[in-house]
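K.L.:
One predicted model, sequence on top.
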2 protein chains.
Amino acid sequence: MTQSENLKKFEAWIFKQSAYTMALAILNFDKTTIAPVAGNPYRDKRMAYLAGEHFSIMVDPEMVKVLKELKEDETLDGDTKRAVELYYKGVMDTVCIPKEEYVQMRELFNRAYDAWLEAKNKDEYSIFEPYLKEIIETKRKVYGYRNSDLPLYDQMLDDYEPGMNQEKFDTFFSAIKERLVPLIQKVQEAKQIDDSFLHQTYPIDKQKEFMDSLLKYLHFDETWGYQNETEHPFTTWVCENDCRTTTKYILNNVSSAILSTVHEVGHATYEHDIDDKYDGMILSEGVSSGMHESQSRLMENYLGRTLPFWEANFPKLQEVFPEQFKDVTAEDFVKAINLSEPSFIRTEADELTYPLHVLIRYEIEKGLFNGTISTEGLNETWKKMYKEYLGVDVPNDRVGILQDVHWSDGSFGYFPTYALGSAFAAQFMIKMREDMDVDEALRSGHYEKCVAWLKENIHKYGCRYSADEIMMKATGKPFDVNAYIDYLEDKYTKLYNL
Amino acid sequence: MTQSENLKKFEAWIFKQSAYTMALAILNFDKTTIAPVAGNPYRDKRMAYLAGEHFSIMVDPEMVKVLKELKEDETLDGDTKRAVELYYKGVMDTVCIPKEEYVQMRELFNRAYDAWLEAKNKDEYSIFEPYLKEIIETKRKVYGYRNSDLPLYDQMLDDYEPGMNQEKFDTFFSAIKERLVPLIQKVQEAKQIDDSFLHQTYPIDKQKEFMDSLLKYLHFDETWGYQNETEHPFTTWVCENDCRTTTKYILNNVSSAILSTVHEVGHATYEHDIDDKYDGMILSEGVSSGMHESQSRLMENYLGRTLPFWEANFPKLQEVFPEQFKDVTAEDFVKAINLSEPSFIRTEADELTYPLHVLIRYEIEKGLFNGTISTEGLNETWKKMYKEYLGVDVPNDRVGILQDVHWSDGSFGYFPTYALGSAFAAQFMIKMREDMDVDEALRSGHYEKCVAWLKENIHKYGCRYSADEIMMKATGKPFDVNAYIDYLEDKYTKLYNL
């Protein structure tokens, strides 16, 4: 076929796929936010069927041929060339899987999510364990079809963070362990910060009132963004101009919903700010999980936990909660929300201990796929590792192994990117601070100036360039974990007067 | 093919269709409740595409053949026979339409909804008018493919209420006009009821607190039911064990959200109570729009506006709003929520004037399709008719022609079933009161006994039988509009001491 015939087919195929991707994103958002649970079995089966329809479109033999031809076509423009490469990889990783097994796997994920939720609500790991086991077996089988020479877990890591593998992550986490574990100990031995005022009673409707103001400050606009509530906050990018975040309000914790929202808005803003010219195609997505997490954690930690950010927002918070904050200054508040203390819940962990939560998950995943760790008794393994790395006694599985949703949909290899993203963010921040007066922008209510820098240097590219390329373009340097560790050392040494 | 081969194909085809029906129901619920508006153009196009995929499955030539064979198969059991007939009619009414036109029509409906919402928000009929015009032309064209000898509007009426047509509706509405218009006049001349206490300030969060209690009383269970808020309350039946309702809270109107909720729960309960053996197939739906509306209006008016209902619920309402109801009795409250006064908004109209709101829409629809009424200046036609039938001066289009969503998705022929449903309900109530002590059940907090009667006599059948057949089975009599008018005469004569 001619190039123009191929491109026409390519475009039509992208549109068809995008309809299913969008529908499945909305169905999943619906399922995890509002859908009545008794409807799960009916919906789960049909969602899996629709995922199968999407599968069939993806692996359409005619399109495999078109993609191959386009892949070898030297005359394509750069955007199209990159899109073809990414689609081609996706198709090759999929076409090898028998459709029936693919649909069964999707249905398994749906059922496993239901079981995970039930297990978590009842604090019974045994409800979830058989699903976890089946998911691991299924992933093993499905990846087996790829016929790759790489170790299984390396393939999974590469899926979420192209170019990464166990060797690189081992090096990354070694550096973190080596320099952060002693720092965490020193912080624990230092005089503790008082954050008790964060844990008074904060009526939910009042928290929501503050949130409305905060979302405006963050330029999260309801014409393209939406916020709902869930047990486990997340962001779904449904389609162009439709980014959904969720949060969780806790009556005796005023900062949890706030910081989780700043985090999720980071994800949503990234997706929203991708160049419109990529609308509806693969380039219009964040380039990797680590890059995504770098944007959410940059907003949450590197902007949202700073004094200038709260110089702008604390007066409103004080206005909404005059009693609770009557003797508290913005400085006190910022100190309190930066307090470091080993704890059970990853998403509520402080910045310093956070990477160790991720490290535990990384080591468990490695073990599960290398055969050294079993799903049986994994709740106990979990507790042992939390004791070893963070020195805490996990009281139950609800706040232990059942806290995270990820494994219920087979997202193995995802967790490590959370720590990686935090590290990416450190380097981006150094450059952002060179280029503009970040503190002044935050203090004066011009958060959009920070967003503009991120858009110009990172967001707009979508996945037009790889994460490595974006790091080079944005900062002029390759990724280096030390920027992250230096930042944490500096921040916590000052905060605790070490 | 053998019967068993045909039935196997039939079953697989039903499953496939049901996946798309479910997905489109959720996508539509999402669109009309929470989806960010800037995403509309992207989503609208893809929803139309998916509707096209559904279309292709529906009109699959192999299945048309299978359905024809099954239709002539005398040995099918009654359930399957009825299902085949209903599917066959649906397919025949669809297969004649060119797919491209079908998809365009679906996309038009999506866009028209967006335009209607904008027009309503801005109070500008001119924004919606071109869409309305295009929808009417499209409906005319699409119905044209059916090659039916029946007048166009008769075909539309029959789609929502099989067996009905203009002649029958004319007779129905004549009887209503003849006996109700004089009654409405007498009521207006009588001493008016004081309902001013309903219009104090009722904080929304407190209204929601009462609603939680009311939903429990109504046995609307969150494992299969869900309630959200929208400008225009409605119910979506997503799938088995998943019925969604919406409501609208008004700060200075305590009864609006309550009564609209009882109404929508009527719809949801009907769908939920259909016999499980019909799960996932066409029999598992309400049989007609009129029958559906009979269940919602039965709950809203024949149960929800009675003293025994409020003997059970008023104490809670008083507890939530002690100030507002300190000098009000349950009797006062029930009188107030039954006050009759001609008004602008159909969904907020009292029981007595309600059918005239419907009559106006019926006459406009007839005119639009018979060519005697034009979309141009229809907002003015609307105002004239409200003046003529209800004696009110409609102040703007927002509370006039733009108040209802129905025409934006081409639902012409739907409105008349609202009045018909109210009339069906009158006959069901006579029989229910013969069979059980309705008042005692309501008063003693056993609403579920009324629901059980409805389930046993109406709900469980789904569309296994026609509306006429269900009326005969449930009441032993054919439909007769006089039961409805007698009921209204009796009720309002007593209420106003006429």
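P.N.:
Received the coordinates, thanks.
K.L.:
show me what contacts A:Gly476?
P.N.:
A:Gly476 makes contact with A:Lys431, according to Cβ atoms under 8 Å, 6 or more residues apart in numbering or on different chains. C-betas here are computed from N, CA, C, even on glycine.
K.L.:
what about the residue in the stretch 301-450 of chain A that chain B sits nearest to, how many neighbours?
P.N.:
Nearest residue of the stretch 301-450 of chain A to chain B: A:Val320, at 15.4 Å (Cβ to the nearest Cβ). A:Val320 sits with 20 neighbouring residues when counted by other Cβ atoms under 10 Å in any protein chain shown.
K.L.:
which one is it nearest to, not counting chain neighbours?
P.N.:
Closest residue in space to A:Val320, ignoring its immediate chain neighbours: A:Phe210 at 4.6 Å, by Cβ to Cβ, 6 or more residues apart in numbering or on different chains.
K.L.:
how much space between the residue of the stretch 301-450 of chain A closest to chain B and A:Glu348?
P.N.:
Distance of A:Val320 to A:Glu348, given as Cβ to Cβ, to the nearest Å: 22 Å.
K.L.:
Next, count neighbours for the closest residue to chain B within the stretch 251-400 of chain A.
P.N.:
At 7.0 Å from chain B, A:Gly280 is the closest residue in the stretch 251-400 of chain A, using Cβ to the nearest Cβ. When counting by other Cβ under 10 Å, one arrives at 20 neighbours for A:Gly280.
K.L.:
Make sure it is actually in contact with B:Arg43.
P.N.:
No - using Cβ atoms under 8 Å, A:Gly280 makes no contact with B:Arg43, being 11.2 Å away.
K.L.:
Give me the angle between the host helix or strand of A:Gln207 and helix B:204-217.
P.N.:
Following DSSP states H and E, one finds A:Gln207 within helix A:204-217. Angle, helix A:204-217 to helix B:204-217, by axes from the mean of the first three to the mean of the last three Cα atoms, to 10 degrees: 120 degrees.
K.L.:
what packs against helix A:204-217?
P.N.:
Identification of packing neighbours for helix A:204-217 by 3 or more Cβ pairs under 8 Å, 6 or more residues apart in numbering or on different chains; DSSP states H and E yields strand A:225-229, helix A:254-272, helix A:307-320.
K.L.:
List the contacts of the residue of the stretch 351-498 of chain A at minimum distance from chain B.
P.N.:
At 15.4 Å from chain B, A:Gly462 is the closest residue in the stretch 351-498 of chain A, using Cβ to the nearest Cβ. Going by Cβ under 8 Å, 6+ apart, A:Gly462 touches A:Ile274, A:Asp275, A:Tyr278, A:Leu283, A:Ser284, A:Glu285, A:Gly286, A:Val287.
K.L.:
where does the residue nearest to the fourth one when sequence neighbours are not counted land on pLDDT?
P.N.:
This points to A:Leu283. In space, and not counting its chain neighbours, A:Leu283 is closest to A:Gly462: 4.6 Å by Cβ to Cβ, 6+ apart. For A:Gly462, the pLDDT comes out at 97.
K.L.:
one step back: got any residues that touch both of A:Gly280 and B:Arg43?
P.N.:
In contact with both A:Gly280 and B:Arg43: A:Cys239, using Cβ under 8 Å, 6+ apart.
K.L.:
Give me the distance from the helix holding A:Gln207 to the chain's centre.
P.N.:
Offset of helix A:204-217 from its chain centre (Cα atoms, centre = their mean, to the nearest Å): 23 Å.
K.L.:
pLDDT (mean, whole number) over it?
P.N.:
Mean pLDDT, helix A:204-217: 96.
K.L.:
Give me every residue in contact with stretch A:312-331, excluding its own residues.
P.N.:
Stretch A:312-331 is touched from outside by A:197, A:200-202, A:206, A:209-210, A:213-214, A:217, A:254, A:307, A:310-311, A:333, A:442-445, A:447, with contacts defined as Cβ under 8 Å, 6+ apart.
K.L.:
so who does the residue most central in space within chain A touch?
P.N.:
Here the mean C-alpha position of chain A is nearest to the C-alpha of A:Glu293 (Cα atoms, centre = their mean), at a distance of 4.9 Å. Taking Cβ under 8 Å, 6+ apart, we find A:Glu293 in contact with A:Thr417, A:Tyr418, A:Leu420, A:Gly421, A:Ser422, A:Phe424.
K.L.:
Secondary structure element holding it?
P.N.:
A:Glu293 belongs to helix A:289-297 when elements are defined using DSSP H and E.
K.L.:
Any buried residues in that helix, and which?
P.N.:
For helix A:289-297, the neighbour count (16 or more other Cβ atoms under 10 Å in any protein chain shown) marks A:Ser289, A:Gly290, A:Met291, A:His292, A:Glu293, A:Ser294, A:Gln295, A:Ser296, A:Arg297 as buried.
K.L.:
domain assignment for chain A?
P.N.:
What automatic domain parsing lists as the domains of chain A is A:3-133, A:166-495.
K.L.:
can the ones you listed go into a markdown table with extra columns for distance to B:Pro315?
P.N.:
Formatted as a markdown table, these follow (distance: least, Cβ to Cβ, whole Å):
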| stretch | distance to B:Pro315 |
| --- | --- |
| domain A:3-133 | 29 |
| domain A:166-495 | 25 |
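K.L.:
and of these, who's closest to B:Met429?
P.N.:
Among those, the nearest to B:Met429 by Cβ to Cβ is domain A:3-133 (29.1 Å).
K.L.:
Can you confirm whether the longest helix along chain A lies near chain B?
P.N.:
In chain A, with assignment by DSSP state H, the single longest helix is helix A:3-33. Yes - part of helix A:3-33 sits near chain B under the criterion Cβ under 8 Å from any Cβ of the partner chain, namely A:Phe15, A:Lys16, A:Ser18, A:Ala19, A:Tyr20, A:Met22, A:Ala23, A:Ile26, A:Leu27, A:Phe29, A:Asp30.
K.L.:
Which of the three states applies to A:Trp237?
P.N.:
strand (DSSP: H, G, I helix; E, B strand; the rest coil).
K.L.:
quick one: it and chain B, what's the gap?
P.N.:
Distance, A:Trp237 to chain B, using Cβ to the nearest Cβ, to the nearest Å: 10 Å.
K.L.:
give the contact list for that residue.
P.N.:
Applying Cβ under 8 Å, 6+ apart, one finds that A:Trp237 lies in contact with A:Ala25, A:Cys243, A:Arg244, A:His267, A:Ala268, A:Glu271, A:Glu285, A:Gly286.
K.L.:
Quick check, pLDDT for it.
P.N.:
With respect to pLDDT, A:Trp237 scores 89.
K.L.:
Between the buried residues of helix A:289-297, which sits nearest A:Ala483?
P.N.:
Nearest to A:Ala483 among those is A:Ser294, at 11.7 Å by Cβ to Cβ.
K.L.:
Now do the closest one, the pLDDT please.
P.N.:
A:Ser294 carries a pLDDT value of 98.
K.L.:
what sits against the closest residue to it other than its chain neighbours?
P.N.:
Leaving out its chain neighbours, the residue that sits closest to A:Ser294 by Cβ to Cβ, 6+ apart is A:Phe424, at 3.5 Å. Shown in contact with A:Phe424 (Cβ under 8 Å, 6+ apart): A:Gly290, A:Met291, A:Glu293, A:Ser294, A:Ala467, A:Met471, A:Phe479.
K.L.:
Thanks a lot, see you next time.
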